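In: The sequence and its predicted three-dimensional model are supplied below.
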Amino acid sequence: MASDFIRDMIAADVESKKHNGKVCTRFPPEPNGYLHIGHAKSICLNFGVAKEFGGKCHLRMDDTNPATEDPEYVDAIQRDVKWLGFDWGDNLFYASGYYDKLYEIAERLIRNRRAYVCDLNEEQMSAYRGTLSEPGKNSPFRNRTVDQNLDLFRRMRAGEFKEGSCVLRAKIDMTSPNMKLRDPAIYRIKHAHHYRTGDAWCIYPLYDFAHCLSDSMEGITHSLCTMEFESARELYDWVIAAAEMPWVSRQTEFARLNLTYTVMSKRKLLELVEGKFVNGWDDPRMPTIAGLRRRGYTPEAIFEFCNRIGIAKNLSTVDLALLEFVVREDLNARSPRILAVHKPLKVVIDNYPDQIENLDAPYWPQDVPNEGSRTLPFSREVYIDADDFMEAPPKDFYRLAPGREVRLRHAYVIKCERVIKNAEGDVVELRCSYDPQTRGGVTADGRKVSGTIQWVSAAHALDVEVRLYDRLFVTERPGEERDFKEEMNPESLVVARMKVEPSLKNATANDRFQFERVGFFIADADSKPGAPVFNRTVALKDSWAKQTAKHVQSAPKTSKPKIEAKAAVATELSAEAQALKDCHGVSSEEARTMAIEPHILELFEAALASGGVAKTAAALVCNDVLGEVRARKLERAPFSGKELADLSQLIADGTLSSKQGKDVLAKMFDGEGGPKDIVKKLGISQVTDVAAIEAVVDRVLAANVDAVARFRAGNTNVLGALVGLAMKESGGKANPKTLNEVLRKKLA
RNA sequence: UGGGGGAUCGUCUAAUGGCAGGACGACGGAUUCUGAUUCCGUCUAUCAAGGUUCGAAUCCUUGUCCCCCAGCCA
């Protein structure tokens, strides 16, 4: 099972019986567009963790904006999530289904003086909000009475006011450094028809109000969303608290997916659709689920892709090559092979009798454990691909050339005897001979024929439409330098015709094939009986094409410039830090730390007052105590200066190694008493006796012969690992310095 | 600029003070009736500078760079 920081967190919550160990997630799309591969990441995460932890995942339409939403999208979303293989059971919800409850909560907020109706217009509100660096000002309407607000809000609902004339705002803090908390609007007037609630409402809740409350009402335990909602989390928590919701959901953010050569924002995708740059949301060039489906991607491939990219918080742009890799991997095992010729070149086999042979050809290569075959009609005239012939080939070309042999897949070995050209000098036909002793492609004399190419019988070939899809954009990060629409790939769709073997005649929509040596294809819904149309899902890897392309041009890969290290600025100490340095004799770093963290300084001074060893105590307090305090999200260390002083003495007098000192410190944070008690209780002591340490080292060396070999081979880092092992072997008691010396001596 | 988040091979992602690992990619080789698949090998990384430590990607300090927030969108 995949592991990531979210799953780790949920596992810890389950372990600690938070929410009684239950897990309930949700996937909350707004039905204002189609789902894309970025949503697939979220879907796989939300439904995935629910399944892994025995919980549920709800599907919720986050429909709070009647202006942009449409039932077509609701249907498409459900279709896509289902197709991806996920099941929400009875748990299909709509934010619009909570409008009554949300309204009640809004009134509750008003009654609790946590919300007010504000008549500022948009421009004024923006001005009052302040900027990133300046605090906002309170709205003149902020102090309306509860009765006034209730009256106004009810009249908003009753439709007495024009759109934009007023909003309901949360009353939080106009000076908050978090812009989201500067009295955000939570209800606005929209005299719009809603696709589900019709004209029942003319006020609609905003995301920050509706989303967290929906989560809470549904009993969502973990509300997983993307990083851009990070600063909204404080508001999320505020609303749940202010509304006095009995169920507290927790929001956690992860990085959204970006893909190279792709745009992912709904706005841009909508622009592509509405501007007719593509043929709708399910255009196979679109990164939408519907587009990928039509392109021939499988849900399994998409799921695998989502597993491989992982979940983290880094801003990330995944290489499109990975998506292509997973779909090839999946399709390789499930696509029967057929023969198709893209650029037909006529081949006449002069010594072949005027007859038709039906050859049996397996659908699958040796390494795919599937069975089945079809018959391939073979005749005197066949087509091969023009790229499989070269009149003057380089020596590493092992297809057809004058006087050379090549194998026709599943058929015969042929030899090129003559090249026929037209008046312009173009090759228009090849005259070949065949070796009758090679039926089925097997040479009777065992001679090697290195090239094998695909072909179709001229008289039997089916002429079909193929749609050759390629990446939609020519730049890795469309839109970074100029408008993304200027970076579209003019060859993202090439409609062409191919000669394919006759067995494809009855292919129907969604049948998948590998056209050998060409690519993976899927029959499109536009297929007609007897006239299938194929979409190319992805081309096969082609190392020959790559090799030949290299001769032509070697495009230097532009890598992003490494961040230049600027010369370290010799930062001066603040007056306070300088004073500390002078009076306590601590180092500059320590002085700086103490000047910033008063509780650290306080602890240090208290330790000194109790007879602590200055140097040791300072290092302890600045490097380790501070780290622990932060890691445990504490205000200050949970022990006294006296206890720290004791610890510093134990370390300074050699009773404890500094490593042991840190272990004891951790125990002090765990509330296991003072250092002396801990040392006594746990029997911690330091072994400095060289003979004893040598014995330990010998044991470790004997037990880790391979590691020793790696060290001798030059991997000096192994030394650290061996020290670690030996430390463990000694029960953590060996003096690390001595141990290190002994180990070095033994290994030398 | 106030606040929040992030920085590990070209890309994505592991490593909770002890051998920087995996995948994609790139490059090379073997096998092959698909120049595919498969297999093998090679390549490349801890943002910087200090500090603590026997030992730091990880703890501390100071910097640098990137992203998000100023919708009555979500």
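Out: Now that the structure is in, tell me what you want to look at. Bear in mind that the values here come from a model prediction, so they are computed numbers and not experimental data.
In: Low-confidence regions, chain A specifically.
Out: Counting by pLDDT under 70, the ranges of chain A that qualify are A:1, A:550-572.
In: per-domain residue ranges of it.
Out: For chain A, the structural domains run A:260-294+A:312-332+A:465-500+A:507-540, A:342-362+A:374-461, A:573-646, A:690-747, going by automatic domain parsing.
In: Endpoints of the first one, how far apart?
Out: Same thing as domain A:260-294+A:312-332+A:465-500+A:507-540. Start to finish, the residues bounding domain A:260-294+A:312-332+A:465-500+A:507-540 are 19 Å apart (Cα to Cα, to the nearest Å).
In: What residues does the stretch 151-300 of chain A have near RNA strand B?
Out: Neighbours of RNA strand B within the stretch 151-300 of chain A, by Cβ under 7 Å from any atom of the strand: A:163-167, A:177-180, A:184-185, A:188-190, A:204, A:206-208, A:211, A:227-232, A:255. (Each C-beta comes from the backbone N, C-alpha and C, glycine too.)
In: do the same with the stretch 1-150 of chain A
Out: Of all the residues in the stretch 1-150 of chain A, those in contact range of RNA strand B (Cβ under 7 Å from any atom of the strand) are A:3-5, A:8, A:28, A:30, A:62, A:64-65, A:68, A:120-122, A:125-126, A:129, A:131-133.
In: picking up where we left off before, strands - which of the residues of the stretch 151-300 of chain A next to RNA strand B land there?
Out: For those, the ones inside strands are A:167, A:185, A:188, A:189, A:204, with DSSP state E as the criterion.
In: from those residues, which single one is nearest residue A:157?
Out: Minimum distance to residue A:157 across those is 9.0 Å, recorded for residue A:189 (Cβ to Cβ).
In: give me every residue that touches the closest residue to that closest one other than its chain neighbours.
Out: Spatial nearest neighbour of residue A:189, chain neighbours left out: residue A:163 (5.0 Å); criterion: Cβ to Cβ, 6 or more residues apart in numbering. For residue A:163, the contacting residues are A:188, A:189, A:190, A:191, by Cβ atoms under 8 Å, 6 or more residues apart in numbering.
In: gap between the third one and residue A:199?
Out: As judged by Cβ to Cβ, to the nearest Å, residue A:190 and residue A:199 stand 11 Å apart.
In: Name the residue in those two with the higher neighbour count.
Out: The residue with more neighbours, out of residue A:190 and residue A:199 and counting by other Cβ atoms under 10 Å, is residue A:190; that gives 17 against 11.
In: so who does the more buried one touch?
Out: Each residue near residue A:190 by Cβ under 8 Å, 6+ apart is listed here: A:65, A:66, A:67, A:163, A:202, A:203, A:204.
In: so which of those residues comes closest to residue A:652?
Out: Ranking the contacts of residue A:190 by separation from residue A:652, with Cβ to Cβ as the measure, puts residue A:65 on top at 65.7 Å.
In: sec struct for the closest one, please.
Out: Secondary structure for residue A:65, judged by DSSP: H, G, I helix; E, B strand; the rest coil, is coil.
In: Show the contacting residues for the nearest residue to it once chain neighbours are set aside.
Out: If you skip the residues right next to it in sequence, residue A:65 has residue A:204 as its closest partner in space, 6.7 Å away by Cβ to Cβ, 6+ apart. The neighbourhood of residue A:204, defined by Cβ under 8 Å, 6+ apart, consists of A:64, A:65, A:66, A:99, A:187, A:188, A:190, A:192, A:194.
In: And residue A:607, how far from RNA strand B?
Out: Taking Cβ to the nearest atom of the strand, to the nearest Å as the measure, residue A:607 falls 16 Å from RNA strand B.
In: Right, I'll leave it there.
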